[in-house]
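Participant: Structure here, sequence nowhere to be found:
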């Protein structure tokens, strides 16, 4: 075993857990999960069957990651944020096997108490603000806030809001990486790494 699990954590059989991953107090990792290297699962986290987490995924306290969710590398899930996996849940109707896929792309961050309605794709390095309710796909590098979530700008790989000049270029104040906004397609791309 090349990962750490606190004594109160429950790890079911048939899980793949990567090297250097840490699983903290009262967390339950259910059968069939794939968890990458150097992940950190906070207190009271539930990872449901068949969930896939990439490398270096950070999950804060009180988060349930339900079947159908895939998080790529370097994803951050803030405290008490929520995923769903059924569009129209009913207590009296069994919808197991009808789970809808949600994809969180590389480097995306989801803020505390945000809700992600199933069936969406969150683009790479997107930043979902605390308490936002995401009901549709989010573009790479997009900054979204509110209920329902709406885009209010663009962010860098380092999570800083980008300010574009007259040439539609911006620089991250921390990394000094440069970005270009394509107004025709309403997309941002990293132009130097």
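Facilitator: Cool, got the structure. Please read these numbers as outputs of a predicted model, since none were measured by experiment.
Participant: Neighbouring strands - and their directions - for the helix or strand bottoming out on mean pLDDT in the chain?
Facilitator: Lowest by mean pLDDT, DSSP states H and E among the helices and strands of the chain is strand 187-192, with a mean of 93. Strand pairing for strand 187-192, using DSSP bridges, gives strand 178-182 (antiparallel).
Participant: Pull out the buried positions in the strand it pairs with.
Facilitator: 178-179, 181 (16 or more other C-beta atoms under 10 Å). Bear in mind the C-beta positions are built from the backbone N, C-alpha and C, glycine included.
Participant: how does the protein divide into domains?
Facilitator: Following automatic domain parsing, one gets these domains for the chain: 1-155, 160-193.
Participant: Please identify the most buried of those domains.
Facilitator: domain 1-155 (a mean of 18; mean count of other C-beta atoms under 10 Å).
Participant: now the helices for the chain?
Facilitator: Ranges of helices within the chain: none, based on DSSP state H.
Participant: any idea how far residue 111 is from the residue of the chain positioned farthest from its centre?
Facilitator: Within the chain, the residue lying farthest from the chain centre (C-alpha atoms, centre = their mean) is residue 166, at 32.3 Å. According to C-beta to C-beta, to the nearest Å, residue 166 and residue 111 sit 31 Å apart.
Participant: Repeat that for residue 150.
Facilitator: 14 Å.
Participant: Likewise for residue 120?
Facilitator: 15 Å.
Participant: Same question for residue 17.
Facilitator: 26 Å.
Participant: Please apply the same query to residue 181.
Facilitator: Relative to residue 111, and taking C-beta to C-beta, residue 181 is found at 23 Å.
Participant: One more: residue 192?
Facilitator: 28 Å.
Participant: How about residue 96?
Facilitator: Applying C-beta to C-beta to residue 96 and residue 111 gives a distance of 30 Å.
Participant: got it, and residue 185?
Facilitator: In terms of C-beta to C-beta, residue 185 sits 26 Å off from residue 111.
Participant: cool, and residue 160?
Facilitator: 15 Å.
Participant: Residue 163 now?
Facilitator: Here residue 163 is placed at a distance of 21 Å from residue 111 (C-beta to C-beta).
Participant: thinking residue 137 is in contact with residue 120, fair?
Facilitator: Yes - at 5.3 Å, residue 137 counts as touching residue 120 under the criterion of C-beta atoms under 8 Å.
Participant: in the protein, which ranges drop under the pLDDT threshold?
Facilitator: Along the chain, segments meeting pLDDT under 70 span 193.
Participant: one more time with 90
Facilitator: For the chain, the stretches with pLDDT under 90 are 1, 96-97, 192-193.
Participant: State the distance spanning the first to the last residue of stretch 175-190.
Facilitator: Taking C-alpha to C-alpha, to the nearest Å, the first and last residues of stretch 175-190 lie 12 Å apart.
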